[in-house]
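Student: Build the 3D model from these lines:
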Amino acid sequence: LFSIEQRGREARECRRILSPKATMIPNLISRASFGGYAVACVLSLSSPRTQIYVPSLNPPEQSTERQTSMEAAARTVREGIASLVREDPTVAGPILRLAFHDAATREDRRPYAPPTKGTRKVPTRHFTGGANGSIQYELDWSENRGLSRPLRAVEVVHEMVSVTGGLSFADTVALSGAAAVEAAGGPRIPIRLGRQDAAGPDPRERRRPIRASTDRSLVSTTLPSAGLDSDGLRLYFGALGLTEEEFVALCGAHDLGRHVTLLGMDKACLKNLTRECLEGAPNLMPFVSESPDTLSNLYFRKLLRWYDRSVELGEVAFIPTDVDLVVDEG
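Tutor: All right, here's what the predicted structure looks like:
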């Protein structure tokens, strides 16, 4: 989660790792640990200010004393999140989602120009939003339903390091996302520190909505709609600077966690779906019913089974943006 224009080496490294040959779905399913690293690497390219970076690269410059303090605080955050996930494995997916939703609100204020196939539109400093801790002010957004629980968990951990460690809340959110990935069986992701906290919410509506020729391709908000078609996904993630291969890999994060259902919800909530009703939904459905709290490549394998119509009832609970990945000819 970083300033891309200042980190060309990281972008090139991620392009190498996430080359088209490496990230086509049939190849993804043969790589047990690739999904977690792909999520980490793609997240590193999707936010404007700071970065999840690949291990071979150098960390940013800091004074020795401050760097030591921040590194100690970062270890405390990782340990705290790992402990929470050990106690309740179902919190890993929501914490990762929290980190993504904090970062993905970045919008380039310049007119949108779609990236050339196989290349990334390189962002500049003409942006708003991003990985700045603003998620704490955005819980009333419908896209962020269900994030109160992971936010409370991250806030508890942040209280342990905010004063003595010098970590911003934005740093803690990013670290928590990485720690959740590792605790769920993914790779250890080094995290650059030094984010600045926002004083309020990021813009929810895009200044410049973008769309292709279909109705479901309209991208009007800074967080993605679950109803976007494949053209809408290309537009949304292309505006973040991601290639098709990278956003397909990023979607593999749905291997973790669950989404809200109406099963078992009382009649009053069914009549008026308030935020409280959605936050307290009695039954959550995993995207992939097998091992929903462990990061693996099952999501991609199940998508192929769904496409072949060979999944069984209850095996998966995909949303439209999931199946877009396999029904689109691209």
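Student: alpha carbons only for contacts and neighbour counts from here, please
Tutor: Will do.
Student: quick one, strands of the stretch 201-330 of the chain?
Tutor: Taking DSSP state E, counting those that start in this stretch as the test, the strands found in the stretch 201-330 of the chain are 205-210, 219-221, 258-260, 284-286.
Student: Now distance to Leu139, mean pLDDT and mean neighbour count too, for those strands, in TSV please.
Tutor: Formatted as TSV, the strands of the stretch 201-330 of the chain follow (distance: least, CA to CA, whole Å; pLDDT from 0 to 100; neighbours: other CA atoms under 10 Å):
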stretch	distance to Leu139	mean pLDDT	mean neighbour count
strand 205-210	15	91	15
strand 219-221	15	95	20
strand 258-260	15	82	18
strand 284-286	18	84	18
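Student: Those into a markdown table, with extra columns for distance to Ile135?
Tutor: Listed next are the strands of the stretch 201-330 of the chain as a markdown table, based on distance: least, CA to CA, whole Å:
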| stretch | distance to Ile135 |
| --- | --- |
| strand 205-210 | 15 |
| strand 219-221 | 15 |
| strand 258-260 | 18 |
| strand 284-286 | 22 |
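Student: Minimum distance to Leu84: which of those has it?
Tutor: Across those, Leu84 has its closest neighbour in strand 258-260 (17.4 Å, CA to CA).
Student: Show me what that closest one is in contact with.
Tutor: The contact list for strand 258-260 (CA atoms under 8 Å, 6 or more residues apart in numbering) reads Gly93, Gly146, Leu278, Ala281, Asn283, Leu284, Met285, Pro286, Phe287, Pro292.
Student: Looking at these, which gets the smallest pLDDT?
Tutor: Within those, Leu278 has the lowest pLDDT, namely 74.
Student: For the residue lying closest to Gly166 once chain neighbours are set aside, give me its contacts.
Tutor: Among residues not flanking Gly166 along the chain, Met70 sits closest, at 6.2 Å (CA to CA, 6 or more residues apart in numbering). Shown in contact with Met70 (CA under 8 Å, 6+ apart): Gly165, Gly166, Leu167, Leu193.
Student: between the strands of the stretch 201-330 of the chain, which gets nearest to Arg188?
Tutor: With CA to CA as the criterion, Arg188 lies closest to strand 258-260 of the strands of the stretch 201-330 of the chain, at 22.7 Å.
Student: Could you list the paired strands of the closest one along with their orientation?
Tutor: Sheet pairing of strand 258-260 (DSSP bridges) gives strand 284-286 (antiparallel).
Student: quick one on the thing from earlier: most neighbours among the contacts of Met70, which one?
Tutor: Counting neighbours by other CA atoms under 10 Å, the top entry in the contacts of Met70 is Leu193, with 26 neighbours.
Student: How much space separates it from Arg234?
Tutor: Here the distance between Leu193 and Arg234 works out to 30 Å (CA to CA, to the nearest Å).
Student: hmm, back to that, can you pull the pLDDT of the residue nearest to Gly166?
Tutor: 88.
Student: So which bits of the one helix or strand it maps to are buried?
Tutor: According to DSSP states H and E, Met70 maps onto helix 64-87. Neighbour-count burial for helix 64-87, with 16 or more other CA atoms under 10 Å as criterion, is recorded at 67, 69-71, 73-74, 76-82, 84-85.
Student: Likewise for stretch 323-330?
Tutor: Using 16+ other CA under 10 Å as the test for burial, stretch 323-330 gives Val323, Asp324, Leu325, Val326.
Student: you'd agree Ser225 is up against Trp141?
Tutor: No - with contact defined as CA atoms under 8 Å, Ser225 does not reach Trp141; the gap is 11.6 Å.
Student: between the two, which one's more packed in?
Tutor: Neighbour count, other CA under 10 Å: between Ser225 and Trp141, Ser225 has more, with 20 against 12.
Student: Let me see the contact set for Phe169.
Tutor: Phe169 touches Asn132, Gly133, His158, Ser162, Asp197, counting by CA under 8 Å, 6+ apart.
Student: so who does the first one touch?
Tutor: If I follow you right, that is Asn132. Asn132 makes contacts with Asp102, Ala103, Phe169, Ala170, Asp171, Arg195, Gln196, Asp197, Ala198, as judged by CA under 8 Å, 6+ apart.
Student: Show the end-to-end separation of stretch 215-222, please.
Tutor: For stretch 215-222, the first-to-last residue distance is 18 Å (CA to CA).
Student: From Ile191, how far out is the residue lying closest to Ser225 once chain neighbours are set aside?
Tutor: For Ser225, ignoring the flanking residues on the chain, the nearest one in space by CA to CA, 6+ apart is Glu143 at 7.4 Å. Separation of Glu143 from Ile191 (CA to CA) stands at 26 Å.
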